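**Student:** task: produce atomic coordinates for the following.
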Amino acid sequence: MSAPSTTRGVPALDRFWAFGGEPQDDLARFVAFRRFLLIYGAVRSILWWSQSVIDTPLLFGLAVACAGAAGLAFHPRYADRAPWISLAAVGLAVAWRFPYTANHLYLEWIALLVVCLGSGKPEDARRAVAALRWTTAIVLFHTGLQKALYGHYWRGDFLALMVGEDDRFARIFRWLLPSEEVARLAALDREQTGAGPYRVGFGPFVLASIGVVFAEMGVPALMMHPRTRRLGAWAGLVLIFAIEVAALELGFALLFVNLLVLFLPAVWSERALRAAVV
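**Tutor:** Below is the predicted model:
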């Protein structure tokens, strides 16, 4: 099956839904992302099983199912059906972890659902890529909106808390804070009522905290317009890299990077797949 070569003849609503992008490469993007997503789910499931000391039979079964789906993703005859296997397995993992299900697992399941619905006709794949793009923009904007409403990013409170609690953040943000301030934050007992203040008076640190909020809400706006779409995608990739240098949430980062490259030419989806496999 092959995708149309231009947007001519594509309904206006579909053009809007697809961010106005050229659809000719969407099938290649879709196939590369589908293979990545099933491999990603298989590796994550295997790691869960290998590191768990409880519910081992369940996790082993989910790992086998996801690994089988990843293998079928490369078989032309079964590639369209493979995502449904992972969808069921990841759905069970979501239910097993509830209410402690991690956000990235929800995102993986939603992406799998979209991929399942897009496996079939070329027009379905094109709409699936559009839906994945919208999902990426909405998730990124929502994370920024949450931080804005949360209120503890405007003066750096939350980042100060994380610097004091987690060495991962301390080693990154210590270049914005004097060593005595880092030591003060580390000495605070967050479990003690009234501990604090988790507030610092150093401008660059506070600006970095505020910048995260505006970046997460602003990058999706760049993604909306054809002229700034690639700029938005690259800005999103830089943002994710900057955040994950401190957070080190490698699983989420890998998934979100592959979602972001859906805004770039199809060759980037294929490169991202090769990088993930290697």
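**Student:** which residue ranges form the strands in the stretch 101-250 of the chain?
**Tutor:** Taking DSSP state E, counting those that start in this stretch as the criterion, the stretch 101-250 of the chain contains no strands.
**Student:** all the helices of it, residue numbers only.
**Tutor:** All helices of the stretch 101-250 of the chain, identified by DSSP state H, counting those that start in this stretch, fall at 103-118, 122-150, 157-165, 167-173, 179-187, 203-224, 229-247, 250-260.
**Student:** can you pull the contacts of the closest residue in space to Ile243 that isn't next to it in sequence?
**Tutor:** If the residues on either side of it in the chain are set aside, Ile243 comes closest to Val212, at 7.2 Å by CB to CB, 6 or more residues apart in numbering. To be clear about C-beta, it is placed using only N, CA and C from the backbone, and glycine gets the same treatment. By CB atoms under 8 Å, 6 or more residues apart in numbering, the contact list for Val212 reads Gly144, Lys147, Tyr153, Ile243.
**Student:** any chance of those in TSV, plus distance to Thr56, pLDDT and neighbour count?
**Tutor:** As requested, the contacts of Val212 are exported to TSV (distance: CB to CB, whole Å; pLDDT from 0 to 100; neighbours: other CB atoms under 10 Å):
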residue	distance to Thr56	pLDDT	neighbour count
Gly144	39	92	20
Lys147	37	89	20
Tyr153	40	84	23
Ile243	33	83	19
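**Student:** pick the one among these closest to Gly203.
**Tutor:** Closest to Gly203 out of these is Tyr153 (14.8 Å), distances taken as CB to CB.
**Student:** can you report how many residues neighbour the residue nearest to Leu264 when sequence neighbours are not counted?
**Tutor:** Sequence neighbours aside, Ala233 is the residue nearest to Leu264 in space, at 5.3 Å (criterion: CB to CB, 6+ apart). Neighbourhood size, Ala233 [other CB atoms under 10 Å]: 22.
**Student:** measure Ala233 to Ala253 for me?
**Tutor:** For Ala233, the distance to Ala253 equals 15 Å [CB to CB, to the nearest Å].
**Student:** with that, I have no additional questions.
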